[in-house]
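Visitor: predicted model and sequence follow; I will ask about them next.
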Amino acid sequence: MFKAFSSKRFSSQRFTGLVAVVTGLAVITLLITQYRKPHAWRTDELPLVFWSWRNQLPNQSDIQAAIDALNARALFVRAGQIDYENSKLRRIRETQGRLPRNLDLHLVYNATRTTLAAFETLQVGELAEVLCVTFHDDCQRALREGAVVVGLQLDFDVPTRLLPRYAKLIHKLRKRLKSNAQVSLTGLPTWMGSADLSDALEQVSFWIPQCYGAMIPQRLDVIAPISSPESVAGWVARAAELKRPFYAGISAYGYAIHYSRGGQLIEVRGDLDPALIASHSQMAVVEGHRFNDRKDAGEWRVVYQARGDALIDGLALRAGEYVMLDIPSVESLRQSVRSVREEGGRFLLGVCVFRLPSDQDQTNLSLKEIACAFRDETPSPQIAIEMERQNPVSDEQAQLMITIINRGTLTPPPGEDFLTVELFIPKPCLIDVITDDTLAYETLFNNQVCSQYRANRLRLKSRYLPVGRQTRAVIKIEGEAPETFQASVSLRISEDQMRRNKQLITVK
């Protein structure tokens, strides 16, 4: 009896132990799986904030548009730079205008080159005091203007080896700051390989790793985009491993780089309208494709060479020199946001987009394109044409205004055959055609170029028309204007695909 009882007891204990081991292994496997594959955020639950990086503060209308379209919750506003000159620290380039309302503001302070060059020897206590006084003054200004400031952000691109000193600065800043404001910092991708980054992150409420702009190509033959979905995925995954709260900083902007005849960098322009380059008669496209091999995503790389000397919005070009345009795409942003949702994990606070769209910034994706990317929608082209009667020149002549608008969510790459609109003239009656700077025209009889007096077609051509932009022409015709015009529209939507359709245009 005793032996039988002992055997059953032993079997029961073995079974219980085996169950415990199996259960433990299952739990460990589950934890490992969850660690390797973080919970993917839904498209409707990922918070969105913006950086504003202009000397002029954004209009309240731009702010409200971002709130309405994407429920933007906060804005990081560059409030000035900390400069070091004649052994003195001071704030320069204070932003002009009225501070935005209706959302939380974080005031951002970056450092000039002289400050960064002297950072290793500066008294960090003195620098912390200057930052505190400047932030306090700005908070008083915000109070007067009805804005709500909730945070201070440092945007000091210090060398990786000086991260311990940067952590010391933030520590002293927090001790001196007589405010409940959150303190945050931006981070370079190169910092994430340093063990010293953790000390700096311990001092802040959160940080924003900049998943873009790691390198500006010094030569024309160096292929380096501002950002890519692949690099964003890698950097966000590394930021998640640090287990500190963060926003993923991603880009929605482009720039123009001026290179010499030999391909050496001369100048970087972040405010040059790509349409001015694309439409200039002296600029010829010599290269145009995405930065990566994928046809569904990636920024556009378009290289122009000057046929002759040219001056374009302050950019002086000599014959033979080059301009490389890095143009953002909604497809690239869409894939990048998807990477953030999949790799961000539980420490992700949201996405911070550089920069907030505005009517004055022609290098940035529009708010409509950003909204398309964040909703994970497929971008689509849509060219609208409007015609309107204007005051007649005389009883024998009529005048019409033609407006061509990109109302879609897709901006194709610039090129010679970007957009063509052909209007069918019911009878030879054209007297004159006047276009704006970004629109060219030809008059044709059937398919042959001819004088405007015998033309039965008017061909309007644009080399670049981003989402939300429009271009115009005025035509003068003999006699009374027709009620409608037939139009044929051709739009290049990718490197190897054209979209063609016909439209019936009613004259208003």
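Guide: Thanks, I have it.

Visitor: from now on I want contacts and neighbour counts done on CA atoms only, so please keep to that.
Guide: OK.

Visitor: how about residue 483, nearest residue that isn't a chain neighbour?
Guide: Spatially, and ignoring its direct neighbours in sequence, residue 483 is nearest to residue 507 (5.4 Å; C-alpha to C-alpha, 6 or more residues apart in numbering).

Visitor: the closest residue to residue 244 other than its chain neighbours: what's it in contact with?
Guide: Nearest non-adjacent residue to residue 244, counting by C-alpha to C-alpha, 6+ apart: residue 347, 6.0 Å away. Shown in contact with residue 347 (C-alpha atoms under 8 Å, 6 or more residues apart in numbering): 240, 243-246.

Visitor: what distance do you get for the residue positioned nearest the centre of the chain to residue 211?
Guide: Note on the chain: the residue nearest the mean C-alpha position is residue 252, at 0.9 Å, using C-alpha atoms, centre = their mean. Distance from residue 252 to residue 211, counting by C-alpha to C-alpha, to the nearest Å: 11 Å.

Visitor: equivalent analysis for residue 249, please.
Guide: Distance from residue 249 to residue 211, by C-alpha to C-alpha: 6 Å.

Visitor: what of residue 180?
Guide: 28 Å.

Visitor: can you check residue 419 too?
Guide: 33 Å.

Visitor: related to what we said a few turns ago, my guess is the residue nearest to residue 483 contacts residue 486. True?
Guide: No - with contact taken as C-alpha atoms under 8 Å, residue 507 and residue 486 are classed as non-touching, separated by 10.9 Å.

Visitor: what packs against the helix or strand hosting residue 142?
Guide: In this assignment (DSSP states H and E), residue 142 forms part of helix 124-145. For helix 124-145, the helices and strands in contact under the criterion 3 or more C-alpha pairs under 8 Å, 6 or more residues apart in numbering; DSSP states H and E are strand 88-92, strand 148-155, helix 163-176.

Visitor: okay, the ones you listed, which one's buried deepest?
Guide: strand 148-155 (a mean of 20; mean count of other C-alpha atoms under 10 Å).

Visitor: so who does the residue nearest to residue 427 when sequence neighbours are not counted touch?
Guide: Of all residues not flanking residue 427 in the chain, residue 456 sits nearest, at 6.1 Å (C-alpha to C-alpha, 6+ apart). Residues near residue 456 by C-alpha under 8 Å, 6+ apart: 424-428, 443-446.

Visitor: three-state assignment of residue 45?
Guide: coil (DSSP: H, G, I helix; E, B strand; the rest coil).

Visitor: how far away is it from residue 324?
Guide: 37 Å.

Visitor: so those two - more neighbours on which side?
Guide: Neighbour totals were compared for residue 45 and residue 324, and residue 324 leads with 23 against 9 (other C-alpha atoms under 10 Å).

Visitor: surely the more buried one touches residue 301?
Guide: Yes - using C-alpha under 8 Å, residue 324 is in contact with residue 301, at 6.9 Å.

Visitor: gap between stretch 378-398 and the chain center?
Guide: Between the centre of stretch 378-398 and the centre of its chain there are 31 Å (C-alpha atoms, centre = their mean, to the nearest Å).

Visitor: buried ones in it?
Guide: The neighbour-count check on stretch 378-398 (16 or more other C-alpha atoms under 10 Å) flags 379, 381-383, 385, 387, 392, 397-398 as buried.

Visitor: likewise stretch 120-131?
Guide: So stretch 120-131, judged by 16+ other C-alpha under 10 Å, has buried residues 122, 124-125, 127-131.

Visitor: what does stretch 407-417 give?
Guide: Neighbour count says stretch 407-417 has 407-415 buried, by 16+ other C-alpha under 10 Å.

Visitor: what are the contacting residues of it?
Guide: Here stretch 407-417 has contacts from 278, 285, 288, 300, 302, 327, 329-330, 368-369, 372, 379-384, 418, 461-468, 491-495, using C-alpha under 8 Å, 6+ apart.

Visitor: same deal with stretch 83-101?
Guide: 54-60, 63, 78-82, 111-112, 114-115, 118, 127, 130, 134, 142, 145-148.

Visitor: what average pLDDT does that stretch get?
Guide: Per-residue pLDDT over stretch 83-101 has a mean of 95.

Visitor: buried residues in it, which are they?
Guide: 83-84, 89, 91, 94-95, 98-101.

Visitor: can you check stretch 177-190 too?
Guide: 177, 183-189.

Visitor: likewise for stretch 308-316?
Guide: Buried, per 16+ other C-alpha under 10 Å, within stretch 308-316: residue 310.

Visitor: what average pLDDT does it get?
Guide: Stretch 308-316 comes out at a mean pLDDT of 97.

Visitor: same deal with stretch 132-146?
Guide: 97.

Visitor: you'd agree residue 387 is up against residue 486?
Guide: No - Residue 387 lies out of contact with residue 486 (C-alpha under 8 Å); the separation is 11.5 Å.

Visitor: please identify every residue contacting each of the two.
Guide: residue 505.

Visitor: follow-up on the earlier one: and of the contacts of residue 456, the nearest to residue 316?
Guide: residue 443 (32.7 Å; C-alpha to C-alpha).

Visitor: element containing that closest one, please.
Guide: strand 440-445.

Visitor: which element follows that strand toward the C-terminus?
Guide: Heading C-terminal from strand 440-445 (DSSP H and E), you reach strand 448-449.

Visitor: now the closest residue in space to residue 476 that isn't next to it in sequence: phi and psi?
Guide: Closest residue to residue 476 in three dimensions, ignoring its sequence neighbours and counting by C-alpha to C-alpha, 6+ apart: residue 399, at 4.5 Å. As for residue 399, its main-chain torsions (degrees, to the nearest 10) stand at phi -130, psi 130.

Visitor: just confirm residue 111 contacts residue 81, I think it does.
Guide: Yes - contact status for residue 111 versus residue 81: in contact at 5.3 Å, counting by C-alpha under 8 Å.

Visitor: so where do the strands sit in the stretch 351-500 of the chain?
Guide: Using DSSP state E, counting those that start in this stretch, the strands of the stretch 351-500 of the chain run over residues 383-389, 397-406, 419-424, 430-435, 440-445, 448-449, 457-462, 470-478, 484-494, 497-506.

Visitor: in stretch 475-491, which residues are buried?
Guide: Buried residues in stretch 475-491 (16+ other C-alpha under 10 Å): 475-478, 481, 485, 487, 489-491.

Visitor: same check, this time on stretch 101-115
Guide: In stretch 101-115, counting by 16+ other C-alpha under 10 Å, buried: 101, 103-112, 115.

Visitor: same question, stretch 315-325
Guide: For stretch 315-325, using 16+ other C-alpha under 10 Å, the buried residues are 317, 320-325.

Visitor: what does stretch 239-254 give?
Guide: 239-241, 244-254.

Visitor: one step back: the strands of the stretch 351-500 of the chain into a markdown table, with extra columns for mean pLDDT and distance to residue 218?
Guide: A markdown table is the format used below for those (pLDDT from 0 to 100; distance: least, C-alpha to C-alpha, whole Å):
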| stretch | mean pLDDT | distance to residue 218 |
| --- | --- | --- |
| strand 383-389 | 96 | 37 |
| strand 397-406 | 95 | 34 |
| strand 419-424 | 96 | 32 |
| strand 430-435 | 92 | 37 |
| strand 440-445 | 94 | 34 |
| strand 448-449 | 94 | 44 |
| strand 457-462 | 96 | 31 |
| strand 470-478 | 94 | 34 |
| strand 484-494 | 93 | 28 |
| strand 497-506 | 94 | 32 |
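
Visitor: who wins for proximity to residue 268 among these?
Guide: strand 457-462 (25.2 Å).

Visitor: just want the angle from the closest one to strand 419-424.
Guide: Strand 457-462 and strand 419-424 meet at an angle of 160 degrees, taking axes from the mean of the first three to the mean of the last three C-alpha atoms, to 10 degrees as the criterion.

Visitor: mind listing what strand 457-462 pairs with, with the direction of each?
Guide: Sheet partners assigned to strand 457-462 using DSSP bridges are listed as strand 419-424 (antiparallel), strand 440-445 (antiparallel).
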